[in-house]
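1. Prediction below, plus the sequence it came from.
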2 protein chains.
Amino acid sequence: MVIVGGGFGGLNAARALARASVQITLIDRRNHHLFQPLLYQVATAALNPSDIAIPIRRILRHQENVEVLLAEARAVDLTAQTVVLDDGTSVSYDHLIVATGARHSYFGREAWMPFAPGLKSIGDALEIRRRVLSAFELAEREKDPVRREAWLTFVVVGAGPTGVELSGALCEIAQHSLTRDFRHINPAEARVILLEGSDRVLPPYTPATSERARRQLTRLGVDVRTGQRVTSVDANGVAVGSERIATRTVLWAAGVAGSGFGRALGAPLDRAGRVPVNPDLSIADHPDVFVIGDLANVVQDGAPVPAVAPAAVQEARHAARNVLRAIRREPTLPFRYKHKGSLATIGRSAAVAELGNLKLSGPPAWLAWLLLHLLFLVGFRNRVIVLFQWAWSFVSFDRGARLITGPLRRESDESRAERRSA
Amino acid sequence: MVIVGGGFGGLNAARALARASVQITLIDRRNHHLFQPLLYQVATAALNPSDIAIPIRRILRHQENVEVLLAEARAVDLTAQTVVLDDGTSVSYDHLIVATGARHSYFGREAWMPFAPGLKSIGDALEIRRRVLSAFELAEREKDPVRREAWLTFVVVGAGPTGVELSGALCEIAQHSLTRDFRHINPAEARVILLEGSDRVLPPYTPATSERARRQLTRLGVDVRTGQRVTSVDANGVAVGSERIATRTVLWAAGVAGSGFGRALGAPLDRAGRVPVNPDLSIADHPDVFVIGDLANVVQDGAPVPAVAPAAVQEARHAARNVLRAIRREPTLPFRYKHKGSLATIGRSAAVAELGNLKLSGPPAWLAWLLLHLLFLVGFRNRVIVLFQWAWSFVSFDRGARLITGPLRRESDESRAERRSA
């Protein structure tokens, strides 16, 4: 059988089949599994890429029935039961699990993309890190106060978990990590503005939790603006209705859509580009093809199952079980998602959690978040290193990965910016 | 005064002036000081970039008389006493210390560069890491045995310290870190060939030490070939005289030259692009301009001072002292390099050292190397993390930073390769 994608879904599907007598080919276009819940910490210079990214073939090295293929799956031939790869070769399957995840969505405004990078891959995280750190450097060199203020204004679009994490971390960088490092600017004067289209932050949470999150964000220094829809984004700022915010750094955390590979399955997609699945997670007319994780649109009791890591893991295990049942010619079973709770971190000692009836906020929620994320991080080595870096950052307010590895601003950013300001 | 460059030379010059009543502007085009002696460990996936690279302004944050400017110095106007920056602005100096270091030299064969990257910056190291890790991945996918062998052949050109370190580390990756991870190839079958033009490895050492180094390299599995001059390098291999070695991965550790900024000083350069300096480290006709580190050609007792970190540090402190003497209108003093010893690491428990009359080899030399490098690494946090990663690697034979972050092979590599093989 073939699994496409080595994220939470694909990796857990492969692991769930460790003892089964099936031969698995796991295809991913990257060599690493990414622990995405901590990706914002790479983007904000707190962690290194390899602290949260591990080679997939390393994780599965001892699982003899898996072969890991570093390749980009381009298409699926549902009739011939093959997955076509980037080099034109193809891999046959009897059963296929597709877990290619999600990508950013700019709601049809793809032109905003170069000015407002999103956060999905290590590459994205390093690009955000480069932009954020460069902005302070360029502010230090800028003599015009208006331009300097634009360099010191950071706008995060979307107040879901990623937007909340990013804006909280940006405040910490500005107010703690960089103080005393500059001579002409005071990094603590940087403004971090969090824009959210709906009327509260963390919309999937209860209104009371949203309110607690907003209070904690405000206390960290984030300028939270709800009910604000962005109407344009360019190299020099964003427009929200008739208001214009001058900023050189916009981060996009507003929308996700199913990965482009969903289209390869030929099935009709929902509005967010996700693949609607049957109750057993297979797709219409193709009981041999399962779709799981952020790419799948799973409806349960009339509502969609949330696109979070625990859901992907549960779906992965269920799809693996259904593959085995199908091989044994037993009927497949419908999937049921068990929601165990939600956790969102905001910043230093700041977080919110909803675990059943238990609602936590502040340091207890933050500790719960910290422990759970350490626990689920793959690999002893990574846990030790991440724990040490967290402890170090907590004590010193420092950030260990403050590297600008690319150019200060890429030519394309600059020339676009110049053209507009000219 | 102005210091150009934030490497060992520039950083130590700034630090040596910490208590002096001078106002210093330190200019570097990168935001980080790089601990270059460990750069090969980033290239070979053992360490993360930020373990050995620290923001310059972070290191100097408490030194009130320094302003760090992230900018590229383009030219020097020796008459007007200004350094011209990339954005056209300029910075005035009364005294100038230039410490812009070295870059690779392909001895006039710059066309080889795309096929044989050198190792000077974090970017170089990540490029080498990408090529090395990708080579194993592409070998795994390659069905043709001849092409597969080319992917599994690694050639290092130049057996100075960097070439020796790289080839030793490549053998460890192949024989220990990757075993069991692949299904179609045996990484331990990879060949690592170290080519050296002169008749022994580590030419700056004594012949006896060179011989010990060669024996340790051979034991690790490196195919050491001395007296072999490379006559051509392309995407499919290297030629050594009439012999052709089919390889897809060539690393360049053969030559260095003074950084391009040397030309900005107007003075005549030596054959390696370095700036000849007076005994007090100033340049001809300009007692207000000092050149130190790898960019300087310092002659002592008829022989050039070696281009190593300790020499750069000593020169930095001396130049700082001479700047202060010049300010006080005292005559400057001639520089004398004190050679404290040489250490080169080869691999796991393998190294050579010459400390005065004491010649070490094997585990004692390796331990000495390890301790000294930890000691000189800036910052407590980095020391702890590097120490932990080394301990982990030593016990587990694993490498913690096995990430491919760019494309498998860049378009340009591939299209070049295709064109040639077509």
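-> Received it, and whenever you're ready, just let me know what you need. Being a predicted model, the structure only gives us computed values, none of them experimental.

2. Show the pLDDT at residue A:421.
-> Per-residue pLDDT puts residue A:421 at 38.

3. what does residue A:415 give?
-> 40.

4. How many neighbouring residues does the residue in the stretch 201-350 of chain A that chain B sits nearest to have?
-> Per C-beta to the nearest C-beta, residue A:248 is where the stretch 201-350 of chain A lies closest to chain B, at 15.5 Å. For every residue, glycine as well, the C-beta is placed using N, CA and C. By other C-beta atoms under 10 Å in any protein chain shown, the residues close to residue A:248 number 25.

5. and what of the one 3 residues further on?
-> For residue A:251, the number of neighbouring residues by other C-beta under 10 Å comes to 27.

6. Residue A:336 is in contact with residue A:280, correct?
-> No: applying C-beta atoms under 8 Å, one finds residue A:280 not in contact with residue A:336, separated by 11.0 Å.

7. circling back: roughly how far apart are the residue of the stretch 201-350 of chain A closest to chain B and residue A:152?
-> 9 Å (C-beta to C-beta, to the nearest Å).

8. what is in contact with those two at once?
-> residue A:135 (C-beta atoms under 8 Å, 6 or more residues apart in numbering or on different chains).

9. what about residue A:280 and residue A:336, which has more around it?
-> residue A:280 (18 against 12).

10. which residues touch the more buried one?
-> A:287, A:290, A:322, A:332, A:333, A:334, A:335.

11. at 10 Å what do you get?
-> A:287, A:290, A:318-319, A:321-322, A:325-326, A:331-335 (C-beta atoms under 10 Å, 6 or more residues apart in numbering or on different chains).

12. Helix, strand, or coil at it?
-> Here residue A:280 is recorded as coil under DSSP: H, G, I helix; E, B strand; the rest coil.

13. any idea which residue sits dead centre in chain A?
-> residue A:120 (4.4 Å; C-alpha atoms, centre = their mean).

14. Surely that residue touches residue A:40?
-> No: contact criterion C-beta atoms under 10 Å: residue A:120 and residue A:40 do not qualify, at 11.1 Å.

15. Mutual contacts of those two, please.
-> Common contacts of residue A:120 and residue A:40 (C-beta under 10 Å, 6+ apart): residue A:162.

16. could you pull out the helices for the stretch 151-300 of chain A?
-> Secondary structure of the stretch 151-300 of chain A (DSSP state H, counting those that start in this stretch): helices located at A:161-172, A:207-220.

17. Residue B:244 is nearest to which of those?
-> Evaluated over those, closeness to residue B:244 peaks at helix A:161-172, with 51.7 Å, by C-beta to C-beta.

18. What's the mean pLDDT across the closest one?
-> 96.

19. That one versus helix A:207-220: what angle between them?
-> Helix A:161-172 runs at 20 degrees relative to helix A:207-220, counting by axes from the mean of the first three to the mean of the last three C-alpha atoms, to 10 degrees.

20. buried set for helix A:161-172?
-> For helix A:161-172, the neighbour count (16 or more other C-beta atoms under 10 Å in any protein chain shown) marks A:161, A:162, A:163, A:164, A:165, A:166, A:167, A:168, A:169, A:170, A:171, A:172 as buried.

21. Could you export those residues as TSV, including distance to residue A:268?
-> Output for the buried residues of helix A:161-172, formatted as TSV (distance: C-beta to C-beta, whole Å):
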residue	distance to residue A:268
A:161	29
A:162	28
A:163	30
A:164	33
A:165	33
A:166	33
A:167	36
A:168	39
A:169	39
A:170	39
A:171	43
A:172	44
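
22. Mind checking which of the contacts of residue A:280 land in strands?
-> Members of the contacts of residue A:280 lying in strands (criterion: DSSP state E): A:287, A:290.

23. of the contacts of residue A:280, buried ones?
-> A:290, A:318, A:319, A:321, A:322, A:326, A:332, A:335.

24. Mind putting those into a markdown table with distance to chain B?
-> Shown next, in a markdown table, are the buried ones among the contacts of residue A:280 (distance: C-beta to the nearest C-beta, whole Å):
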| residue | distance to chain B |
| --- | --- |
| A:290 | 24 |
| A:318 | 27 |
| A:319 | 23 |
| A:321 | 25 |
| A:322 | 26 |
| A:326 | 25 |
| A:332 | 29 |
| A:335 | 31 |
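
25. Quick check: which element contains residue A:404?
-> Using DSSP states H and E, residue A:404 maps to neither a helix nor a strand.

26. In contact with it, which residues?
-> Residue A:404 touches A:45, A:126, A:129-134, A:137, B:30-32, B:53, B:55, B:70, B:122, counting by C-beta under 10 Å, 6+ apart.

27. ditto for residue A:159
-> Contacts of residue A:159 by C-beta under 10 Å, 6+ apart are A:166-167, A:194-198, A:200-203, A:210, A:213-214, A:217, A:222, A:224-226, A:228, A:253-254.

28. switch the cut-off to 6 Å
-> A:194, A:196, A:201 (C-beta atoms under 6 Å, 6 or more residues apart in numbering or on different chains).

29. Find the nearest non-adjacent residue to the first one, please.
-> I take that to be residue A:194. residue A:167 (4.3 Å; C-beta to C-beta, 6 or more residues apart in numbering or on different chains).

30. got it, and the last one?
-> Spatially, and ignoring its direct neighbours in sequence, residue A:201 is nearest to residue A:159 (3.9 Å; C-beta to C-beta, 6+ apart).

31. likewise the second one?
-> Leaving aside its sequence neighbours, residue A:196 sits nearest to residue A:159 (C-beta to C-beta, 6+ apart; 3.6 Å).

32. Then residue A:109?
-> Closest to residue A:109 by C-beta to C-beta, 6+ apart is residue A:233, at 7.6 Å.

33. tell me which element the closest residue to residue A:208 other than its chain neighbours is part of?
-> Closest residue to residue A:208 apart from its sequence neighbours, by C-beta to C-beta, 6+ apart: residue A:359 at 7.0 Å. In the assignment (DSSP H and E), residue A:359 maps to strand A:358-361.

34. So which bits of that strand are buried?
-> A:359, A:360, A:361.

35. Would you mind listing what in chain A touches chain B?
-> A:31-32, A:48-50, A:53, A:55, A:57-58, A:61, A:67, A:70, A:122, A:137, A:180-181, A:183, A:381, A:392, A:400-405 (C-beta under 6 Å from any C-beta of the partner chain).

36. What confidence value was assigned to the closest residue to residue A:211 other than its chain neighbours?
-> With sequence-adjacent residues excluded and distances taken as C-beta to C-beta, 6+ apart, residue A:211 is closest to residue A:200, at 7.3 Å. In this model, residue A:200 is scored at 97, pLDDT.

37. burial measure for residue A:200, as a count.
-> So residue A:200, with other C-beta under 10 Å, has 18 neighbours.

38. just checking, it touches residue A:210?
-> Yes: the criterion here is C-beta atoms under 6 Å, and residue A:200 meets it with residue A:210 at 4.1 Å.

39. Need the overlap of contacts for the two.
-> With C-beta under 6 Å, 6+ apart as the test, residue A:200 and residue A:210 reach no residue in common.

40. Check whether residue A:47 sits in a helix, strand or coil.
-> Residue A:47 ends up coil, using three-state DSSP.

41. Read off the pLDDT value for the nearest residue to it once chain neighbours are set aside.
-> Distance criterion C-beta to C-beta, 6+ apart; nearest residue to residue A:47, sequence neighbours excluded, is residue A:41 at 4.3 Å. Looking at residue A:41, its pLDDT stands at 94.

42. picking that back up, need the contact partners of the strand holding residue A:359.
-> With C-beta under 6 Å, 6+ apart as the criterion, strand A:358-361 contacts A:212, A:352, A:353.
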